Each structure stands twice: as structure tokens, then as C-alpha cells.
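Asks: Return atomic coordinates for the entry below.
(4 chains)
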4 protein chains.
Amino acid sequence: MSPEGTSIAQAYPDRVEVRGRDLTGDLMGGLTFTEHFHLLLTGDQPTEEQRFFLDLVLVAIAEHGLMPTNVAARMTYAADPGSLQGAVAAGILGCGPVVLGTAAECARLLEQAESGSPEDVVRGIHETGGKVPGFGHPVHIPVDPRAERILELADEHGVVGANVRLAGRLRDAVEQEWGRPLTMNVSLPIAAVLLDLGFPSSTVAAVPILARTASLLAHLAEERERPLGLQLAAAAEAAAEYRQE
Amino acid sequence: MSPEGTSIAQAYPDRVEVRGRDLTGDLMGGLTFTEHFHLLLTGDQPTEEQRFFLDLVLVAIAEHGLMPTNVAARMTYAADPGSLQGAVAAGILGCGPVVLGTAAECARLLEQAESGSPEDVVRGIHETGGKVPGFGHPVHIPVDPRAERILELADEHGVVGANVRLAGRLRDAVEQEWGRPLTMNVSLPIAAVLLDLGFPSSTVAAVPILARTASLLAHLAEERERPLGLQLAAAAEAAAEYRQE
Amino acid sequence: MSPEGTSIAQAYPDRVEVRGRDLTGDLMGGLTFTEHFHLLLTGDQPTEEQRFFLDLVLVAIAEHGLMPTNVAARMTYAADPGSLQGAVAAGILGCGPVVLGTAAECARLLEQAESGSPEDVVRGIHETGGKVPGFGHPVHIPVDPRAERILELADEHGVVGANVRLAGRLRDAVEQEWGRPLTMNVSLPIAAVLLDLGFPSSTVAAVPILARTASLLAHLAEERERPLGLQLAAAAEAAAEYRQE
Amino acid sequence: MSPEGTSIAQAYPDRVEVRGRDLTGDLMGGLTFTEHFHLLLTGDQPTEEQRFFLDLVLVAIAEHGLMPTNVAARMTYAADPGSLQGAVAAGILGCGPVVLGTAAECARLLEQAESGSPEDVVRGIHETGGKVPGFGHPVHIPVDPRAERILELADEHGVVGANVRLAGRLRDAVEQEWGRPLTMNVSLPIAAVLLDLGFPSSTVAAVPILARTASLLAHLAEERERPLGLQLAAAAEAAAEYRQE
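Replies: Numbering: from 1, shown residues only, chains lettered A, B, ... in the order given. Down below sits the predicted model:
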């Protein structure tokens, strides 16, 4: 197809075509939102294993308490209760690589580890003072229970492939280089399992954002009932001192 | 509970508690993303009918072609391909009441129609020159096939309640007042069915935003593969003339 | 002019025309950013008094310490140090009516007070349990020194007009209705002075957003040098307890 | 100072302290918004030459017609006319490196060119198939009149320093490497002049965002009076064809 088109969807007066299907006749009532998300992203319906693991990782990454993204969203909603979408957007803007967006970086790490070797890649990062994506967590020490659960279910379902194996070798290499184990956080198994199941790497980047949107909407529904945002802002402000330089 | 807390989730070193459940043991692998979204929003797992209709309305509203939200997101991504979350946020900001966010307004309309009467409410809006939320559509004329399909499935599943019936009376009242039928768009049946199934009104506002996030992520994955954003921006610019006043 | 055009600017290969002027020949080096902002917004250069008071109110409203908008922006920047614009956008989303955006509401209040009477308008708001825009402040009690300074300078410069006088009557009416004085905050004099100087009401809404963008950029430059965002987020999180319902 | 503080501002009940000054007594009415922006960013008031060139570059970069950022903002405002800040945020999110944010990249280029040589840096970029920041423009061919005007005024004011000279050598090196002249766009002289005048590099990144916020506010004020956003969105949508893959 020529570069200037889209193959996702088109609305006509009497129907909506989505990825070549009729939205009302073929899709509505016939597939779950997770299956529809897969169809939108890739053009195809998922296999049963793909569906299971896509649901699994969306559930795994959606909610983690009063994360910075949820704090920012609740403060924003408190400032403008008329704009739910503005508050959600403020929260999504915090889904950056430091706090949340490392699954996509883990996918790139796995690619590098495959073309080179996990040991060389980890050594290279360590020697230049870098951090290995997917390792380290401020709360989950020594293990991230979500990461372990994903690996466990991948094993039970018999879908362990090259990328999950690479993740294990990366974990060993990190322990070797750093001289102690670091937490393998949830982002690396998410990337590894999705890649082993044949998902395109764009899915790896998309999953955390969709998952966290669900969390943001829940926090904002709670904020509407029991406001907390201005109190969170006051606590943040009180935590930093003003000092004239 | 005191006003200063949250009852959604808390992360501990060795586990994550979500709505009183253990995330890894009770939820991951055990429920779908849609069920998890319901749990996050409301504190409870959905009934099977709630799950079916929550999936249905998320699928119904997710995708509609190159909507303004998708255009804005693709243009933003073209300007900064390094920030997927920034492009998603730009798209979500367009989920305002004129283009997308009318489901929440439809829920309020149904409340008013219930305490008063559909006929009086519609007459009041018409006399003050207003528009009735949930009626009218720029493309779907004379009917919105998504709206009809939701009503059809509500009937098949035997979940038609007071709000779906009110929606029908609103449709008749609009035709009566305006002297011709107006399209009942997808937002009104979404609101009516969700309310009839016992969803809190916060769910009605949240559903379109989660659904459209899936669409935005699909368009941005396509944008990454086959860039379109700058071409869309150029076409928009060319559509407006500069004229000195 | 027909509705489908713009009269702000147009780029040509060899020049840029802005509001009918040649950007490089007529404007660059010839006017200040504040004068240019006025030209962009209104199509005309400001008078000297308009320029003075536009600078004054931009300076008055720009900075106020670790406001929720700055906290949200710093947390967002900490999560993605690669996207300055994403962090600025997150901060701007918090410029909602509760925290910052009341100048535009004050302009509407002044219009109502002019067509009715300040006393009637205030009484109407009080009787329905509302808050009068421009009155009350969480920190500045009993007076907002910025509000007083603007009124003082308006008096010194001889630009007090109908709207500043209405602001004074609103202050008296509020004290009368509430039985005690409430702080007249900075938003009401901003709106009153700008309207008295002939600015369109769109300027009243625009000024706080431009001003706060300068503040956001300063906080993010500081955040880059001396990170604070994650610490602010941690303090916010610690301020709210998780309790299972 | 310890890492956990801010030295920008603090609000007290009876005054606001900004960078060690009293906001109402020392700053309001005493300096322009541009001077205040400099004070906020750097802690000091600008020299007269710094003030002149800060105004100059803010004016130069503010407005350029219906840029993608303005299109996105107008479409967003059309979808939710109640949220001016949401529309501004959507526009700012488009201030990414491809469309607007190259001034900061130009500053880094100048640093590299200074520690190495302009010729080597340009050759390195060309050989790896990259683009040199600050060169090339879709409309301004063969020269960007804003870039030339900034250089001209730098010369007239006698503030040409090492970075402006490096910019000239970069231009020559680009012509040499590419075998033809490329447009030096406005971003490179902005970075060069600001660095020569002693501005910190954070100012270089901040200037385009503040400038474009003024433009966004002007376009949104026009959008309020003469709506254009939905028409722009329709033209964009019509420019891309849907084709089933």
C-alpha cells in the first residue's frame, strides 16, 4: 500500500469497518476488549495463548498504588474537576522511561542480547556506568513478585522461548557484573513473553500505557468521590524547603 | 474510611495488594483486563452480564477511523517519535465533550429524564436552543449502527431496564420536538446500558477514554511503521487561508 | 472574512508575515515579547499603559512557589528527562479553575455585576452555596499582596475604570454577605484592570497560562540541575494511607 | 544548598518571595515579563543586551502560521471549548525535536563543534546518514530570513562570539559535505547567540516553548471567535485513504 493511507478503520454512514471487519456485525459482542486491542494493533485476532498473556501483562502492570502518575493525575483533576481527559493526559505524560516505560527498552535490550550475547551487553552497560533496563526496583527487593509470576505462567503454559531464556541469562550476567543480584522487575518478563509469543515490538510499548490508563481512571473515579489531590500536593510542597541561593 | 486515604492499591516489598486482593496470586492470570478494569474502578469483579456489556461498549467506542484525536496524536508523534506517551496524551486531550465525551452527559440526561420526564427535558433543551446529548452524528445518518447493535444485544440478553427505556422515549421526544428523527448516536445506549447494569456513573465517563486509548496506540503503532502525521498536518494547513484583517 | 481562514500568520519561502507585518523587518528587534504577545492575540500593538499592565499582571501571576502545577511538572520530568515539552504540558494541565484559572471566571463575574449589580450577584451566589470567583486564598490571609499592588498601580497610573470599581463593590458585598472579609485574590484585579484597559476577555484567560509556562520552565531547569521530583512524589504517596474498604 | 530544596520562590501569608526578591515590592511594575522570565530561570536580572536578545529570539520563534502544533491545539479546543489549558497542552506536546525543539540540539552541536571541530562533527554526521541540527527547512529555501536577521542584529550589537562564529563554520562545512548549501534555520542562531551572551543551555531549551505558548494562545483566542478546528480535522482525515491490507 502507498505510504499515505491507513488500514485501521473507516466510518461510513451505515457501518464502521475496522481492520477489514464490520464493527457491529463481526466484532461487537463477539470479542473482548483485549482481543479487540490486539486486532487494532496488529490487524489480526490473537491466538488463545496470545490472548491469555496479553490479559496477563495488562493486569500485571495496571496498578501499583499511588505512583507518581496517579499523584499527578489526581492533583490535576483537583485543579479542574471538569476535565477528566486532562487529568488522564497528565498522568499518561508521567509514563516515561524512568518510572514506567522500560518494557520497550527491555525489548531493545533483548534484541541486542540476541545478536550479541547477554554477558557482553551487560558488561558493556556496566563499564560505561549505565543501568540495565529491567533490573532494579525501589520497592520490590529482592524480587518483583509480578515478574516471577509471569515467568511461572510462561513455564506452565509451555510458551518459554528464546527471549525468556535470554532474560534468565541477563539476570545471571547482571548478578555476575554487579557482584550481587538485582531485582528483575516486571518490565523484562513482559517484553520477553510478548516477543516470544510473536507480538510486534510496538505492542510491548503500547501495553503499559493502556494498562496504566485503566489505573488512572480508577484513581480519578476515587478522587471524584473522595478528593485527595490537594492534600497530596500540599504534602509534596512541604517536603521541599525554599532557600535563597 | 477517613477522607485522606485510598482503597485501590498498595505496593509492599514482596507483594502488591489491589482492592484487597493479592495481585500476583489472585488476579494475574485469573481475570481479563476488562474484569480487572471493573475491579479497579468499583472494587468488585463484574457479573457475567456486566463483563459482557463492558467488553461490548469498549469495543463499540474504541475505533472510528481518522478521528481528530487520532490526527492530533499522529501529528504529535511525528514531531517527537521518542515520546509515545506524549502523543497518546495529545490524543486523549481531544476526547472532549464535542467529539467524544458525551456518554457522561448522556448519563446526566438520563438522570434528569428520570426525575422529570423525557418529554419535558427534551422540550426544555429545544426551547433554549440547546442540543440533546446523544443525538446527532456527522456521518451516521439516519442511524448509528453501533447504537442499534447495543440496544439489540441488550434486548437479546434481557438486560433492558429503566434507562434503556428512557433512551427510547428520548428518541421519540426528540423526533417530536425537532419535527424529524435525529440519529441516536452510540453514546446514549452506552450510558443507558451501563446504568441499567448497575455501573456507577464514573464508569460511563471512564469507558470512552480507555477505549480510545487503545485506538490511539494502534494509530501510533501504524504511524511508526508508515508515517502519516506530517502529511495530515500539511493538508490541514492547506485547508485554511491566511488573510490579513 | 470568511469563517475558514486565519489572520494571524503565514510563512512564505522568503518571509514570515505576522498580523500583516513582516516578522523580520518590522517586529524582530523592534518590540518586546510582551508587545508581540499582544500583537498576536489582538492584531494590534499595545498602548504604553496596556504594555505596562500586561507586563505587570504576567509578572504578578507567574510564580508562587511549589504549586501543584510545578509539582506535577517536576514529577513528570523526573519520569522522562528527555521530554521537556511533556513536563510543561503536564503542568499546564493543572492550570484549571480551582487552582489557577479563575481570572477568566472573574471576567464573567464582572460582566454579570455590570449588567445586574454586584450586591445581587454576590447574594445569588451565596444563597446557592457557591463561591465567588476571585475571593478566598489558602495562604494569603487576610489580603493577597499581589492584588493590592495591582490596584495600587492602577490608581497611580490613573487607569481605574468601571471594572476596578466593580471589584471594590464586590469586595464589600462579599464581606456583607459572608459577615466577614474574604481575601480578594490576584485573579479579580487582573481581570478588572485588563478589562478596564480594553483588552478582550480572551486575553484574561490567556495571561495566566503564559505566565505559568515561564514558571514551569524555571522549575524544570532547576529540576534538571537539582532533581526533586521523585522526592516530591514519595512525600505525596506517604501522605495517603491505603485501607481496604 | 542540599539537593532537596528549591531556590525559586516561596509564598508566605503576607508576601511572595521570588529569587530572593519581594514579588510585590521589587518586581511587579519594575520589570518586564521577559526580564522576569530571565530572573526565574537564572536567578538574576538580565543585562540590557541579554534582555534585547531574549526578546528578539522569543519574537522570532513565536509564530509561524498554521504549524502542526497550532492545528493540534485548535482541533483539541474544538472538541472541548471548556478547557483552554487542555488545548494549549496538546499544542505544546507537539513542540518536539522534529518540528520545533531543535534549538537545544543546536546547543549540543555547538558544544561538540567547540571541543572537536565543526568540520569533523559535520563529516561524522554526514557519514552516518544523519541530519545536522539547525540545517534544512521545508519552507524557507534557500535562507531562513529569521536566522539571517538574528545574525545581523548580533553583528550590529557587537555580541558575536565563539558560538556565532562556530555557526558560520558549521554552515560552510555543511555546504562542503553535502555539495550544496542547506538552509541554516532559525534554531542555530538562537542557540549560538544565547550561548554567546552567557545564557545557560537550559534557557535555549526553554525559549521555544515559552514563545510557542504565546502563539498557541493567540490561535486559540481566534479559534474561540472563528472556529476552524473541525474543518482542519476534516481536511486531514480526507488526505488519507483507508485501505484494507
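Asks: Around chain D, pick out the residues from chain A.
Replies: A:1-2, A:4-10, A:17, A:19-20, A:43, A:80, A:82-83, A:85-86, A:89, A:239-245 (C-beta under 8 Å from any C-beta of the partner chain). From N, CA and C alone the C-beta is placed, and that goes for glycine too.
Asks: Now which of those residues would you call buried?
Replies: For the residues of chain A next to chain D, a burial check counting by 16 or more other C-beta atoms under 10 Å in any protein chain shown picks out A:5-10, A:17, A:19, A:80, A:83, A:85-86, A:89, A:239-240, A:242.
Asks: Widest-spaced pair of the residues you listed?
Replies: Largest separation among these by C-beta to C-beta: A:Glu17 and A:Tyr242, giving 57.8 Å.
Asks: Now do the contacts for A:Pro118.
Replies: A:Leu166, A:Arg169, A:Leu170, A:Asp172, A:Ala173 (C-beta atoms under 8 Å, 6 or more residues apart in numbering or on different chains).
Asks: about what we covered before: among the residues of chain A next to chain D, which are in reach of chain C?
Replies: On the criterion C-beta under 8 Å from any C-beta, A:Asp80, A:Gly82, A:Ser83, A:Gly86, A:Ala89, A:Ala239, A:Ala240, A:Tyr242 are the entries of those that sit beside chain C.
Asks: Mind checking which of those residues land in strands?
Replies: Using DSSP state E, the subset of these located in strands is A:Tyr242.
Asks: which one among the ones next to chain C among the residues of chain A next to chain D gets closest to chain B?
Replies: A:Ala89 (4.0 Å; C-beta to the nearest C-beta).
Asks: any idea what sits nearest that closest one, other than its immediate chain neighbours?
Replies: Closest residue to A:Ala89 apart from its sequence neighbours, by C-beta to C-beta, 6 or more residues apart in numbering or on different chains: B:Ala89 at 4.0 Å.
Asks: For that neighbour, report the pLDDT, please.
Replies: Looking at B:Ala89, its pLDDT is 97.
Asks: What of A:Leu58?
Replies: So A:Leu58 comes in at 98 (pLDDT).
Asks: re the thing from before, so what's the residue nearest to A:Ala89 up against?
Replies: A:Ala89, A:Ala90, A:Ile92, A:Leu93, C:Gly86, C:Ala89, D:Ala89, D:Ala90, D:Leu93.
Asks: Would you quantify the distance from it to B:Thr203?
Replies: 22 Å (C-beta to C-beta, to the nearest Å).
Asks: quick one: is the longest helix anywhere in chain A near chain C?
Replies: Taking DSSP state H as the criterion, chain A has its longest helix at helix A:201-225. No: figure legend: helix A:201-225 not in contact with chain C (C-beta under 8 Å from any C-beta); closest approach 10.3 Å.
Asks: buried sites along that helix?
Replies: So for helix A:201-225, counting by 16+ other C-beta under 10 Å, buried means A:201-224.
Asks: what angle sits between that helix and helix B:201-225?
Replies: Inter-element angle recorded for helix A:201-225 and helix B:201-225: 160 degrees (by axes from the mean of the first three to the mean of the last three C-alpha atoms, to 10 degrees).
Asks: near chain B, anything from helix A:201-225?
Replies: Yes: under the criterion of C-beta under 8 Å from any C-beta, helix A:201-225 makes contact with chain B via A:202-203, A:205-206, A:209-211, A:213-215, A:217-222, A:224-225.
Asks: and if you look at stretch A:188-197?
Replies: No: judged by C-beta under 8 Å from any C-beta, stretch A:188-197 stays clear of chain B, getting no closer than 11.2 Å.
Asks: which residues sit in contact with A:Thr24?
Replies: By C-beta under 8 Å, 6+ apart, the residues touching A:Thr24 are A:Arg15, A:Val16, B:Ala60, B:Pro145, B:Arg146, B:Glu148, B:Arg149.
Asks: just checking, which of these belong to strands?
Replies: Applying DSSP E to the contacts of A:Thr24, the entries found in strands are A:Arg15, A:Val16.
Asks: Now rank the contacts of A:Thr24 by neighbours and give me the top one.
Replies: When neighbours are taken as other C-beta atoms under 10 Å in any protein chain shown, the top entry among the contacts of A:Thr24 is B:Ala60 (30 neighbours).
Asks: Can you tell me, leaving aside adjacent residues, what's nearest to that residue?
Replies: Using C-beta to C-beta, 6+ apart, the nearest residue to B:Ala60 is B:Arg146, at 4.8 Å.
Asks: OK, contacts around the residue most central in space within chain A?
Replies: In chain A, the centroid-proximal residue (C-alpha atoms, centre = their mean) is A:Pro208; its distance is 2.0 Å. Applying C-beta under 8 Å, 6+ apart to A:Pro208 gives the contacts A:Ile61, A:Cys95, A:Leu100, A:Gly101, A:Ala103, A:Ser187, A:Ile190.
Asks: Now that the first one has come up, it's in contact with A:Ile190, right?
Replies: It stands for A:Ile61. Yes: applying C-beta atoms under 8 Å, one finds A:Ile61 in contact with A:Ile190, separated by 6.6 Å.
Asks: Comparing the two, which shows the higher neighbour count?
Replies: A:Ile190 (29 against 24).
Asks: Touching the helix or strand harbouring the more buried one from outside, list them.
Replies: Per DSSP states H and E: A:Ile190 is located in helix A:187-196. Residues outside helix A:187-196 that contact it (C-beta under 8 Å, 6+ apart): A:53-54, A:57, A:60-61, A:102-107, A:109-110, A:133-135, A:146-147, A:150-151, A:154, A:159-164, A:166-167, A:170, A:201, A:203-204, A:207-208.
Asks: for chain A, which spans come out with low pLDDT?
Replies: A:1-3, A:101 (pLDDT under 70).
Asks: repeat that with 50
Replies: A:1-3 (pLDDT under 50).
Asks: What ranges does it have for its helices?
Replies: Taking DSSP H, the helices of chain A run over residues A:33-42, A:48-62, A:68-79, A:84-93, A:102-115, A:118-127, A:145-156, A:162-178, A:187-196, A:201-225, A:229-238.
Asks: Any residue of the third one touching chain C?
Replies: Yes: using C-beta under 8 Å from any C-beta, we find that helix A:68-79 touches chain C at A:Pro68, A:Thr69, A:Val71, A:Ala72, A:Met75, A:Thr76, A:Ala78, A:Ala79.
Asks: Point out the other elements, helices or strands, that that helix touches.
Replies: Secondary-structure packing of helix A:68-79 (3 or more C-beta pairs under 8 Å, 6 or more residues apart in numbering or on different chains; DSSP states H and E): helix A:84-93, helix A:201-225, helix A:229-238, helix C:68-79, helix C:84-93, helix C:229-238.
Asks: beta partners for A:Tyr12?
Replies: When assigned by DSSP bridges, A:Tyr12 has beta-bridge partners A:Arg15.
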